[in-house]
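*Asks:* Pasting the sequence and the predicted model now:
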Amino acid sequence: MNLVTPARLLDEKAGVSHSGAPPVPRAMTQTQPILRIVDLKKTFDEFTALDSVNLTVDDGEFLAIVGPSGSGKTTLIRLLVGMEEPTSGEIWLKDRRIDDVPANRRPTCMVFQSLALFPHRSVGENIEFPLKIRGVDAAQRRARALELLDVVRLPQHYYDKRSQQCSGGERQRVALARALAFDPEILFFDEPLSALDFRLRKMLEKELKDLHQRTGKTFIYITHSLEEAMVMSDRIAIMKSGGFEQIGPAEEIYAKPKSRFVAEFMGEVNLFHTRDGAASIAFEDVSIDPAVAKARGLSPEFKGYLMARPESVRLLAAGEVADATADGVIESEYLLGSRMQYLVRLASGYKVTVELSRENRVSWEPGARTRIGFDLDRAHLIQEA
Ligand code: ATP
């Protein structure tokens, strides 16, 4: 973990600006934009890494930015913290334009994935570093460091412990406490948990979410892990090829993706494309009674995908009905902890993923014929050629 020195702090010798007052719960606060990005563009020679990106982040929000490798996540963060200059566009922090403000003068802070604590110094000294460079006196520094140990859930006696003697997870917490000591307007995280083992990562995901609630700060968090984004954030921004494909709360993006790319990025999904040349609306593999399609408002002109998440699809018992159905053969079964997953091959060869709770596990033989079905109120249409 590493920190870009927020700068305001180097200039201001004003002492500890954090009041120590308990944070106001987010639900009670009036949100207002803290960050506005307008038509931000970054090119490297001929290559466009960011293409006219627009984004508004509310004060106190936890925004996760996810996207495949090379989609521009790190480039965006580097522009926001001032480590890279934009080719064009604007970055606003509240009512101040900051895209031409150098990194060391931006009131933001970045927590990198690699650790960059002073190994031979104590935890307390590490946390106090930002306060020391601001000229805060020793007693105040110590008081704030002890407060921050509490905030990141480390025992007070860690104040005197060498940071080298802390475990990986503890060091992440010390680095977080140090980032909070900077008292930044926004904390940026670039995959801070990716190097940690699974159990620790899961624990810190929840702790970071709690920390966000407790501090009321704005967090902008890059991750490859969709699950991490879903657990922690208020909104998720999905990046693709240097732009945002969709931004919204996790449930919305999961249930109502705007494109096939987002649908597939957000987890396992079944997608049935419209069939060309049919008299009324029809999809590959699945049958929908035309009267049901009409009643549900499916337009005959619609072109694109009918999407059903695995948990919306059922294995139908004899005589059981559903809005959309298809015959198939069970190919495999997987136990996913409390849930069961089945792969069912349909006539075209397409494999549907069906997820059931473990109590609804079915007994089957290889090659067993089955019928899958789902209702249209649990499905979603994606308009796409
Ligand atoms: P990852 O998840 O792998 O870290 P990312 O989404 O963070 O990827 P970026 O690091 O922002 O992606 O890179 C976006 C694109 O810009 C990539 O194709 C990358 O090769 C290119 N790029 C980034 N920095 C430079 C640079 N300094 N010079 C040339 N190309 C660059």
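*Replies:* Structure's in. What do you need? Residues are numbered from 1 along each chain as shown.
*Asks:* C-alpha from now on. contacts and neighbour counts both.
*Replies:* Fine.
*Asks:* Quickly note the distance from the residue in the stretch 201-350 of the chain that the ligand sits nearest to to Ser194.
*Replies:* Per C-alpha to the nearest ligand atom, His224 is where the stretch 201-350 of the chain lies closest to the ligand, at 6.4 Å. Using C-alpha to C-alpha, to the nearest Å, one obtains 8 Å as the distance from His224 to Ser194.
*Asks:* Look at these two and report which has more neighbours.
*Replies:* When neighbours are counted by other C-alpha atoms under 10 Å, His224 comes out ahead of the other of His224 and Ser194, with 17 against 14.
*Asks:* how about Glu333, what does it touch?
*Replies:* Residues near Glu333 by C-alpha atoms under 8 Å, 6 or more residues apart in numbering: 340-343.
*Asks:* Can you add secondary structure and give those back as a markdown table?
*Replies:* Listed next are these as a markdown table, based on DSSP: H, G, I helix; E, B strand; the rest coil:
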| residue | secondary structure |
| --- | --- |
| Met340 | strand |
| Gln341 | strand |
| Tyr342 | strand |
| Leu343 | strand |
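*Asks:* Of the residues you listed - the most surrounded one?
*Replies:* Most neighbours among the contacts of Glu333, by other C-alpha under 10 Å: Tyr342, with 22 neighbours.
*Asks:* any idea which element the closest residue to that residue other than its chain neighbours lies in?
*Replies:* Sequence neighbours aside, Glu333 is the residue nearest to Tyr342 in space, at 4.5 Å (criterion: C-alpha to C-alpha, 6 or more residues apart in numbering). In this structure, Glu333 is located in strand 324-336 according to DSSP states H and E.
*Asks:* from the middle of its chain, how far away would that strand be?
*Replies:* Offset of strand 324-336 from its chain centre (C-alpha atoms, centre = their mean, to the nearest Å): 30 Å.
*Asks:* how far away is the residue nearest to Tyr342 from Asn360?
*Replies:* Taking C-alpha to C-alpha, one finds Glu333 at 13 Å from Asn360.
*Asks:* Spit out the contact partners of the closest residue to Ser259 other than its chain neighbours.
*Replies:* Counting by C-alpha to C-alpha, 6+ apart, Ser259 lies nearest to Ile382, which is 6.0 Å off, once chain neighbours are set aside. If a contact means C-alpha under 8 Å, 6+ apart, then Ile382 has 257-260, 304-307 as its contacts.
*Asks:* now with 7 Å?
*Replies:* For Ile382, the contact set (C-alpha atoms under 7 Å, 6 or more residues apart in numbering) comprises 258-259, 304-306.
*Asks:* likewise Met307?
*Replies:* Going by C-alpha under 7 Å, 6+ apart, the list of residues near Met307 reads 269-272, 379-381.
*Asks:* returning to what we had before: helix, strand or coil for the residue nearest to Ser259?
*Replies:* Three-state call for Ile382 (three-state DSSP): strand.
*Asks:* Same check on Trp364?
*Replies:* Reduced to three states by three-state DSSP, Trp364 is coil.
*Asks:* do you know how far the residue nearest to Ser259 is from Arg214?
*Replies:* Using C-alpha to C-alpha, we find Ile382 at a distance of 38 Å from Arg214.
*Asks:* now do Met230
*Replies:* Applying C-alpha to C-alpha, the value for Met230 to Arg214 is 19 Å.
*Asks:* need the contact list for Glu384.
*Replies:* With contacts defined as C-alpha under 7 Å, 6+ apart, the neighbours of Glu384 are 303-304.
*Asks:* any idea of the pLDDT on it?
*Replies:* Among the per-residue scores, Glu384 shows a pLDDT of 86.
*Asks:* Pull up the gap between it and Lys240, please.
*Replies:* Distance, Glu384 to Lys240, by C-alpha to C-alpha: 16 Å.
*Asks:* for the stretch 101-250 of the chain, what spans make up the helices?
*Replies:* Under the criterion DSSP state H, counting those that start in this stretch, the stretch 101-250 of the chain carries helices at the ranges 123-133, 138-151, 168-181, 198-215, 226-232, 250-255.
*Asks:* Take those and lay them out in TSV including mean pLDDT and mean neighbour count.
*Replies:* TSV is the format used below for the helices of the stretch 101-250 of the chain (pLDDT from 0 to 100; neighbours: other C-alpha atoms under 10 Å):
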stretch	mean pLDDT	mean neighbour count
helix 123-133	92	24
helix 138-151	93	18
helix 168-181	86	23
helix 198-215	85	16
helix 226-232	89	18
helix 250-255	94	17
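*Asks:* what's the closest of these to Ser71?
*Replies:* Between Ser71 and these, the shortest separation by C-alpha to C-alpha is 14.7 Å, and it involves helix 226-232.
*Asks:* other SSEs contacting the closest one?
*Replies:* Using 3 or more C-alpha pairs under 7 Å, 6 or more residues apart in numbering; DSSP states H and E as the contact test, the elements touching helix 226-232 are helix 198-215.
*Asks:* Next, the angle from the helix it packs on to helix 138-151.
*Replies:* Here the directions of helix 198-215 and helix 138-151 differ by 120 degrees (axes from the mean of the first three to the mean of the last three C-alpha atoms, to 10 degrees).
*Asks:* can you list the residues that contact helix 198-215?
*Replies:* Contacts made with helix 198-215 from outside it, assessed by C-alpha under 7 Å, 6+ apart, are listed as 23, 169, 193, 228, 232.
*Asks:* With just CA atoms, put it into CSV.
*Replies:* Backbone C-alpha positions of helix 198-215 (Å, rounded to 0.1, in the frame of the first residue of the first chain) are rendered in CSV as follows:
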residue,chain,number,x,y,z
PHE,A,198,-9.2,-15.5,0.3
ARG,A,199,-10.2,-15.5,4.0
LEU,A,200,-8.5,-12.3,4.8
ARG,A,201,-9.8,-10.6,1.7
LYS,A,202,-13.4,-11.6,2.6
MET,A,203,-12.9,-10.2,6.1
LEU,A,204,-11.4,-6.9,4.9
GLU,A,205,-14.1,-6.4,2.3
LYS,A,206,-16.7,-6.2,5.1
GLU,A,207,-14.4,-4.1,7.2
LEU,A,208,-13.8,-1.6,4.5
LYS,A,209,-17.6,-1.3,4.0
ASP,A,210,-18.0,-0.7,7.7
LEU,A,211,-15.1,1.8,7.7
HIS,A,212,-16.8,3.7,4.9
GLN,A,213,-20.0,3.9,6.9
ARG,A,214,-18.2,5.0,10.0
THR,A,215,-16.0,7.7,8.4
